Structure formats: structure tokens, C-alpha cells
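1. give me the fold of what follows.
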Amino acid sequence: MRKKIAVIGLGHFGEYLSQKLSDSGSEVLAIDKDPEKLEQIKDAVTQTVCLDSCDEKVLRSQGLEEFDAVVIALRDNFEETLLTIMNLQKIGVKRIIVRAVTAEHQQILRHLGVDEVLLPEEETAIRLAQSLTMENIIDSFSLNDDYIIIEAEAPGEYIGKTIRELDMRKSFGVSLITIRRMTESKGVLGFGKKSIEKIIGIPDADTVVERGDILVLFGPEKNIKKVFGKN
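-> As a prediction, this is how the structure comes out:
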């Protein structure tokens, strides 16, 4: 069953999120009070509605309590964000996700009972810092202040060794989730070669790490740094 998600506020973040959700197969309702923004995105989402989310009666008419989640991506007016949250809580929306602009706003939203608060600029800065300070890192995702998931190119000294020999859980307190590996296959007509990425599920103990492998690791950030020789 397709997930039903509403996005309120079509700035750069809200517009991009709406498009990505739609591309992933979700049923997306895009809401904004600017008709020009709705016009720009109308062909990329399921439905668009022009309304003021501070108006509880109008917002209630959209049946948002039946949606799997509502994302508030209003950037410029924090008071508008607060009023929208209160309206959605009154309506009985199952899951409210709010984009915050500052850490102070994030704390206020937590006090209002919003469980899921996004701080995109901070997340981007954290991911960039991690990629710049830890060699081999391709991408990372912080689960909280302590634990992260990272994708990183296998260090040279790991090449040719088995998962059992490396034993990263025992050596570093880090779990190997999976391995992304590029493999070559013949073209459709049997001529030439093309590279295809293969996901090696949950690697078993006898899996050998190959050159170019991308390791997907989970664990405390301080432990992940040790995997790549950063103490």
C-alpha cells in the first residue's frame, strides 16, 4: 500500500522532499499558500492544495488524520510553524515531522511534544565534517549523538581478508551491515562489459573483502574512527 504523506511548505527543502517522496512511490499532498509554488510542483506530486495552515478549519477539511505522516517545512515564520503544529495535534494527525531552522527552535518543538524534528543544515554540516575528517568515508547518517551509519571504501589493509579475520565487532565494537560491490557482466548481446553494483546482503564470516568494496558500518562514531585509524 502506498504511503500517504502531506508536506506543508514548499521552500527548497519542502519541494525537494515532495519530489523525492513521490519518486519513491508515495502519495504526496503538497500544501502551500503560494499558488506559484504549487504550480511549479503540481506535475510531480499526487495533489496540491493552496491554503493557510494556520487556519484550523481549512486544514481540517483535508483529512490529514488519515495520512501516514505530515511534514511541516515552513522556514521563514516560526509562529506559523507553531500554529500549524497545534492545529495538526488538534486534528489528530498520527505522525508530525517538523523542520527546524535553529537549535533553539528545535528545543521549543521538543517541549511542544513533537517527537521528530529535522535540522537539515546541522545534519549536512555533520555529514560534511565526518567525510572530511575520516578518510575513506563516502556518506554517513547520524542516528543520535553517539551512533552513526557510514558507507566507506574498504581500507587497503582489509583487502583479501575475510570478515572472520577482521572481526570488527570484537576489535572495534562496530557492526558490518552489508557490502556494496561493483561487478562486471556482459552486455545484452554478449559484447562488451558493464559494471553493476551488487549488495552482498548480510556478509557471512567467510566473505572476502575485495578492492573497491564499500563497507556499510554501524556503531559509535568514536569506534568507527578507529576502524580507519583515527584515534
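
2. C-alpha from now on. contacts and neighbour counts both.
-> Will do.

3. does Ile148 lie in a helix or a strand, and which?
-> Taking DSSP states H and E as the definition, one finds Ile148 inside strand 147-153.

4. in its sheet, which strands sit next to that strand, and in what direction?
-> Partners of strand 147-153 in the sheet, by DSSP bridges, are strand 137-142 (antiparallel), strand 214-220 (antiparallel).

5. same list (these) but as CSV, adding distance to Gln47, mean neighbour count and mean pLDDT.
-> Putting those into CSV (distance: least, Cα to Cα, whole Å; neighbours: other Cα atoms under 10 Å; pLDDT from 0 to 100) gives the following:
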stretch, distance to Gln47, mean neighbour count, mean pLDDT
strand 137-142, 31, 18, 78
strand 214-220, 36, 21, 93
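
6. possible to save those strands as TSV with distance to Ile150?
-> Output for the strands paired with strand 147-153, formatted as TSV (distance: least, Cα to Cα, whole Å):
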stretch	distance to Ile150
strand 137-142	4
strand 214-220	5
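
7. out of those strands, which is closest to Lys198?
-> strand 214-220 (10.4 Å; Cα to Cα).

8. and the next element down the chain from the closest one?
-> Downstream of strand 214-220 (by DSSP H and E), the next one is helix 221-227.

9. returning to what we had before: if you average pLDDT over the strand holding Ile148, what comes out?
-> For strand 147-153, mean pLDDT rounds to 89.

10. swap in stretch 22-29?
-> 91.

11. try stretch 156-172
-> 94.

12. ends of that stretch, what's the gap?
-> Separation of the first and last residues of stretch 156-172 by Cα to Cα, to the nearest Å is 17 Å.
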